[in-house]
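>>> generate a structure from the sequence data that follows.
(one chain, ligands or ions: 2)
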Amino acid sequence: MSGGGRMDERYATIAVIDIGTSKVSCGIAHIGGDGGSITVVGKGTAVNTGMRKGVVTDIEKTGAAIKAAVDAAERLSGYHIEHATISVSGSHVEGQNSSGQVAVSNPDREIRDDDVDRVLEVCRAVQVPGSRMLLHVLPSSYIVDGQEGIQQPRGMVAFRLEARAHLITAGATAIQNLEKCVQAAGIAVDDYVPSSLAASELTLTDTERELGTVLVDIGAETCDIAIFHNNAVVHSAVLPIGAAFVTRDVAIGLKTSIAAAEELKINYGTCDLRTVSVSEQYTVPNEPGGRRIERIELARIIESRMSEMFELIAGVIAVAGPEATSAGVVLTGGGSQLDGITTLARDILKAPVRVAAPDGPLLGILDDFQGPSSAATLGLFSWVARSMGEIGIAEEPQAGLGGRIAGGFKNLLSRLRG
Ligand SMILES: Nc1ncnc2c1ncn2[C@@H]1O[C@H](COP(=O)(O)OP(=O)(O)OP(=O)(O)O)[C@@H](O)[C@H]1O
Ligand SMILES: [Mg+2]
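Ligands and ions are numbered 1, 2, ... in the order given. This is a model prediction of the structure:
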């Protein structure tokens with residue numbers, strides 16, 4: 001391992017790729033070191049024109065966008081990416097709840113790891129049609145001899161162990177096509193993480209996760225929704241709607257180009273009609289003659305499409321039950337930056353609403369990685385960091401390196417080195 005030193009062996013270097021409908025973002029970071037921090041050492045973003053509503057429609061274009069984002073991240077960091085954890089979206093990604101039970105196997109009736117593994121295996125054993133793939137089994141809570149709401153059953157004494165879990169499945173061909181795009185860029189996929197869960201990682205507080213919160217990642221053509229309660233995912237869904245459709249409506253409504261509509265939306269758009277005075281006018285960009293439009297007209301178009309979006313989101317929340325919004329709704333993703341969004345969302349969803357950018361133990365070169373549109377990208381780092389902790393590779397101390405370093409970490413690092 002060239003250039004490897006004491007410092008290098010104290011963390012894992014990993015790569016993530018958020019493959020969105022409007023852009024692909026690739027990041028390289030050191031995970032671990034002091035207190036599980038995420039130090040971004042490379043990043044790259046490229047415009048993606050090969051997807052519709054979160055699903056690949058053109059392998060060549062999406063592959064080229066991935067390659068461009070990866071190349072930029074590699075150049076900046078000096079690392080070579082051979083494999084990465086990626087995000088998945090699209091309405092083919094579905095969540096469903098499952099449960100299972102087993103008898104505790106040990107004669108002393110103490111619940112061990114293998115009992116937990118077995119009960120999750122039962123949860124996992126639902127019928128998944130051949131056209132779908134099971135991506136994740138996320139335990140939500142355990143029931144120990146009828147006692148509900150147990151988060152950590154290991155070490156407890158019982159006859160019977162039950163588990164509830166949230167299962168995420170995805171369309172097999174959609175995943176295969178996405179994998180083809182990543183492979184076309186010369187990269188193997190480590191893990192597929194639903195965009196909603198990636199985006200939730202660094203945006204929700206512990207209290208929000210516990211009391212009940214709806215996370216909505218508003219992207220260009222998808223709204224990725226994950227609902228948390230009692231520190232677990234209890235519901236998830238992907239809606240094929242997003243901020244690009246607002247831009248399209250503006251372009252049609254004001255008879256202008258998509259580029260001009262996007263500029264108008266970002267600079268002067270709002271979905272809170274109450275804040276717009278009737279006298280406000282702006283010039284349509286890139287048009288000869290300097291045509292003027294009324295801001296209220298722009299706002300009405302935006303408000304109408306955004307209301308429709310939040311009505312559909314309200315439908316998803318209603319299915320999850322009243323606890324879903326106990327601590328409110330958190331919006332993130334590029335589309336959450338629209339002016340007036342919290343007011344409109346609060347009126348329709350009838351819950352407190354805030355807009356969140358990724359926040360947490362983030363270090364390194366962040367710059368334009370800090371806004372809501374990077375929630376999923378940076379969240380992917382956090383997801384990988386947590387999985388490393390969960391599978392125990394961060395726990396094994398090695399002699400002479402100050403502890404908490406594992407063989408697994410070194411492997412990841414050397415595989416990444418060019
Ligand atoms: N300042 C802003 N105000 C309003 N909207 C914005 C702003 N900045 C970006 N957007 C919108 O955010 C959208 C892109 O969001 P994002 O980057 O999260 O999408 P994506 O991840 O590529 O798409 P998806 O997740 O749907 O596949 C665009 O449609 C854009 O119009
Ligand atoms: Mg996205």
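>>> every contact and neighbour count from this point should use C-alpha atoms.
Will do.
>>> how far does the top helix by length along the chain sit from the chain's center?
Counting residues, the longest helix found in the chain (DSSP state H) is helix 295-320. Relative to its chain's centre, helix 295-320 lies at 21 Å (Cα atoms, centre = their mean, to the nearest Å).
>>> and it, does that touch ligand 1?
No. For helix 295-320, no contact with ligand 1 is found by Cα under 6 Å from any ligand atom; the gap never falls below 10.2 Å.
>>> what are the pairing partners of the helix or strand just after that helix, and which direction each?
Once the chain leaves helix 295-320, the next helix or strand it forms, by DSSP states H and E, is strand 329-332. Strand 329-332 sits in its sheet next to strand 213-218 (parallel), strand 353-355 (parallel), going by DSSP bridges.
>>> now do the SS call for Ile86.
Secondary structure for Ile86, judged by DSSP: H, G, I helix; E, B strand; the rest coil, is strand.
>>> can you name the farthest residue from the center of this protein?
Gly289 (43.2 Å; Cα atoms, centre = their mean).
>>> sorry, back to before: for the longest helix of the chain, packing partners?
strand 232-239, helix 243-253, helix 258-268, helix 341-349 (3 or more Cα pairs under 8 Å, 6 or more residues apart in numbering; DSSP states H and E).
>>> any chance of those in JSON lines, plus mean pLDDT and distance to ligand 1?
Below are the helices and strands packed on helix 295-320 laid out as JSON lines (pLDDT from 0 to 100; distance: least, Cα to the nearest ligand atom, whole Å):
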{"stretch": "strand 232-239", "mean pLDDT": "97", "distance to ligand 1": "9"}
{"stretch": "helix 243-253", "mean pLDDT": "98", "distance to ligand 1": "4"}
{"stretch": "helix 258-268", "mean pLDDT": "98", "distance to ligand 1": "4"}
{"stretch": "helix 341-349", "mean pLDDT": "98", "distance to ligand 1": "9"}
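>>> just name the most buried of those.
Mean neighbour count, computed with mean count of other Cα atoms under 10 Å, is highest for strand 232-239 among those, reaching a mean of 24.
>>> strand partners of that one, parallel vs antiparallel please.
By DSSP bridges, strand 232-239 pairs with strand 223-229 (antiparallel).
>>> rewinding a little: in the longest helix of the chain, what counts as buried?
Using 16 or more other Cα atoms under 10 Å as the burial criterion, the residues of helix 295-320 that qualify are 295-303, 305-307, 309-310, 313, 316-317, 320.
>>> who in the stretch 151-300 of the chain is up against ligand 2?
Residues of the stretch 151-300 of the chain that fall close to ligand 2, judged by Cα under 5 Å from the ion: Gly219.
>>> for ligand 2, what is the nearest residue in the stretch 51-200 of the chain?
Ser195 (6.5 Å; Cα to the ion).
>>> over to the stretch 101-250 of the chain?
Gly219 (4.6 Å).
>>> and the gap between that residue and ligand 1?
Using Cα to the nearest ligand atom, to the nearest Å, Gly219 is found at 3 Å from ligand 1.
>>> I figured that residue hits Phe245, correct?
No. The criterion here is Cα atoms under 8 Å, and Gly219 misses it with Phe245 at 10.3 Å.
>>> send me stretch 38-50 as CSV with only the CA atoms.
The C-alpha trace of stretch 38-50 is given here as CSV (Å, rounded to 0.1, in the frame of the first residue of the first chain):
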residue,chain,number,x,y,z
ILE,A,38,-16.8,11.7,7.7
THR,A,39,-13.9,13.6,6.0
VAL,A,40,-14.7,14.3,2.4
VAL,A,41,-11.5,14.0,0.3
GLY,A,42,-13.0,13.9,-3.2
LYS,A,43,-16.3,14.9,-4.9
GLY,A,44,-17.7,15.4,-8.4
THR,A,45,-21.1,16.2,-9.8
ALA,A,46,-22.3,15.8,-13.4
VAL,A,47,-25.6,16.6,-15.1
ASN,A,48,-27.6,13.4,-15.8
THR,A,49,-30.0,13.3,-18.8
GLY,A,50,-30.3,9.5,-18.9
